[in-house]
Each structure stands twice: as structure tokens, then as C-alpha cells.
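Peer 1: need a structure here:
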Amino acid sequence: MTSTRGHRITVEPGTEHVRAVRDGLVLAESRRPLVLRETGCPVRYYLPPEDVRTDLLTPSDSRTHCPFKGDASYWSRPGAADLVWAYPQPRAGVAAIKDHFCFHDTEVVAGDAAGQVTH
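Peer 2: Predicted structure coming up:
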């Protein structure tokens, strides 16, 4: 956990079954996401690299900086720029998310039914 003047971030192992689908392709599917909760932001699922189809993603030149998490790198798909990001060198308080991938849109899968969660 990291906390700075009213801003708090927690990262914990999740038990959710999550996946990221774009244009009918499953880009990622995991039963072991890291769940990141951050003040003022939606819940985000960070997926281990082994659970992400990186062969379907193209590295982007985009970079962003978060004062709480560090510098993010991005990947894209045709027609979907900067669809996914990761923190190769996250700040110490969120070190667990190192090299895990986070998608803008993920589904939380419950049994055979899927509920769309847009983040």
C-alpha cells in the first residue's frame, strides 16, 4: 500500500477470472490478476505477462508518468492505440505490478456468464 495526502493505492492478489477481448480476439485471460485500487480511479486488473498474448500487441511510442506508480509503457492493436499498459519500473509502493499488463477494458468472468467491466 502507498498513501500520500489523501491519495491511496493498494495492490493485492485477486481471485477474479478476468479477460481482455478486442475484435473477437482474446488478448489476455487470467485467474491470478493483481487488483489495484487507487483513490479517484476505477479498480484495475494487472495481469501477469504469461497470461497476455503479447504476440497480438504492438509496442507503442507512448509513455506516461504517474507520480504514484511511475512511468508506463503502452501497447496497441490495429484500430486501438494504447490499449494496454505496464510499469516496467514501478515505484516501491506498487512494486508488485512490475511488468504486469493492464487493459482499458476487461471482463470479469463468473461461471459461464461474463459481466462487462469497462475501466
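
Peer 1: now do the nearest residue to residue 6 once chain neighbours are set aside against residue 33, distance only.
Peer 2: Spatial nearest neighbour of residue 6, excluding adjacent residues (C-beta to C-beta, 6 or more residues apart in numbering): residue 39 at 6.8 Å. C-beta coordinates here come from the backbone N, C-alpha and C atoms, glycine included. Distance of residue 39 to residue 33, computed by C-beta to C-beta, to the nearest Å: 20 Å.

Peer 1: what sits against residue 101?
Peer 2: 28, 46-47, 49, 52, 75, 84-86 (C-beta atoms under 8 Å, 6 or more residues apart in numbering).

Peer 1: residue 15: helix or strand, and which one exactly?
Peer 2: Following DSSP states H and E, there is no helix or strand that holds residue 15.

Peer 1: kindly report the same for residue 81.
Peer 2: strand 80-86.

Peer 1: pull the CA atoms of that strand into PDB?
Peer 2: Presented in PDB, the C-alpha positions along strand 80-86 are these (Å, rounded to 0.1, in the frame of the first residue of the first chain):
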ATOM      1  CA  ALA A  80      -6.900   0.500 -30.800                       C
ATOM      2  CA  ALA A  81      -4.000   2.800 -29.900                       C
ATOM      3  CA  ASP A  82      -2.500   2.400 -26.400                       C
ATOM      4  CA  LEU A  83      -4.900  -0.400 -25.500                       C
ATOM      5  CA  VAL A  84      -2.700  -1.800 -22.700                       C
ATOM      6  CA  TRP A  85       0.000  -0.500 -20.400                       C
ATOM      7  CA  ALA A  86       2.600  -1.700 -17.900                       C
END
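
Peer 1: now that strand: average pLDDT?
Peer 2: Strand 80-86 carries an average pLDDT of 95.

Peer 1: direction included, what does that strand pair up with?
Peer 2: strand 70-77 (antiparallel), strand 101-103 (antiparallel) (DSSP bridges).
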